[in-house]
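> test case, fold it:
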Amino acid sequence: MGNTMATKIVARNRKAFHDYEILEKVVAGIELKGTEVKSVRAGRVNLLDSYATYVGGELYVHHMHISPFEQGSIYNHDPYRKRKLLLHRRQIEHLGDETARKHLTIVPLSMFFERQWVKVELGLCRGRKKYDKRQKIAAEESKKRLDALVKGQRRR
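This is a model prediction of the structure:
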């Protein structure tokens, strides 16, 4: 994410860090409607099963749930509509090439405000197999146990 002073994280996709091996991270803008921005400010966003696709030189995020704004009128948005991601052309082409060539996935990792702009942190990811997930969990648990033992030794 950017290292600016005014960043406020709205939503995180914790499941992505478990299900995918993240190879590269990119920050992108996102094209939203007015009532969507108000819902994002209220933190009513779910990134759980969302992903991005490269179509005709553009990147779109699918299945990102932004709840309809409660005070909105008939002009409220569809919560699951596909939304355009805003990046430089070279970045878009790079991500599109990587997904096609190496069979990778683009997954939103987090959504945040950078000053008044809504940004999405994207990860270029490779899916983990079931045994990879188990190995990762086992490694994390053994590290926790080791840290606890080291911490216990320091106290004596």
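
> is Leu48 in a helix, a strand, or coil?
coil (DSSP: H, G, I helix; E, B strand; the rest coil).

> contacts only, for it.
13, 15, 65 (C-beta atoms under 8 Å, 6 or more residues apart in numbering). All C-beta spots, glycine's among them, are computed from the backbone N, C-alpha and C.

> which of those residues are buried?
Asn13 (16 or more other C-beta atoms under 10 Å).

> strands - which of the contacts of Leu48 land there?
His65 (DSSP state E).

> dump the contacts of Leu48 to JSON lines, plus distance to Ile106.
Formatted as JSON lines, the contacts of Leu48 follow (distance: C-beta to C-beta, whole Å):
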{"residue": "Asn13", "distance to Ile106": "12"}
{"residue": "Lys15", "distance to Ile106": "15"}
{"residue": "His65", "distance to Ile106": "17"}
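
> for Asp132, phi and psi?
Dihedral pair for Asp132: phi -60, psi -40, per degrees, to the nearest 10.

> what sits against it?
Here Asp132 is in contact with Glu21 (C-beta under 8 Å, 6+ apart).

> what about it, distance to Leu23?
Asp132 is 14 Å from Leu23, where distance means C-beta to C-beta, to the nearest Å.

> out of the contacts of Leu48, which is nearest to Ser110?
Nearest to Ser110 out of the contacts of Leu48 is Asn13 (C-beta to C-beta; 6.6 Å).

> pretty sure that closest one contacts Asp49?
No: taking contacts as C-beta atoms under 8 Å, Asn13 lies outside contact range of Asp49: 9.1 Å.

> model confidence for Ala148, exactly?
We have a pLDDT of 87 for Ala148.

> repeat that for Arg115.
87.

> burial of it, as a residue count?
11 (other C-beta atoms under 10 Å).

> what segments of this structure are helices?
All helices of the chain, identified by DSSP state H, fall at 14-19, 34-41, 89-102, 130-155.
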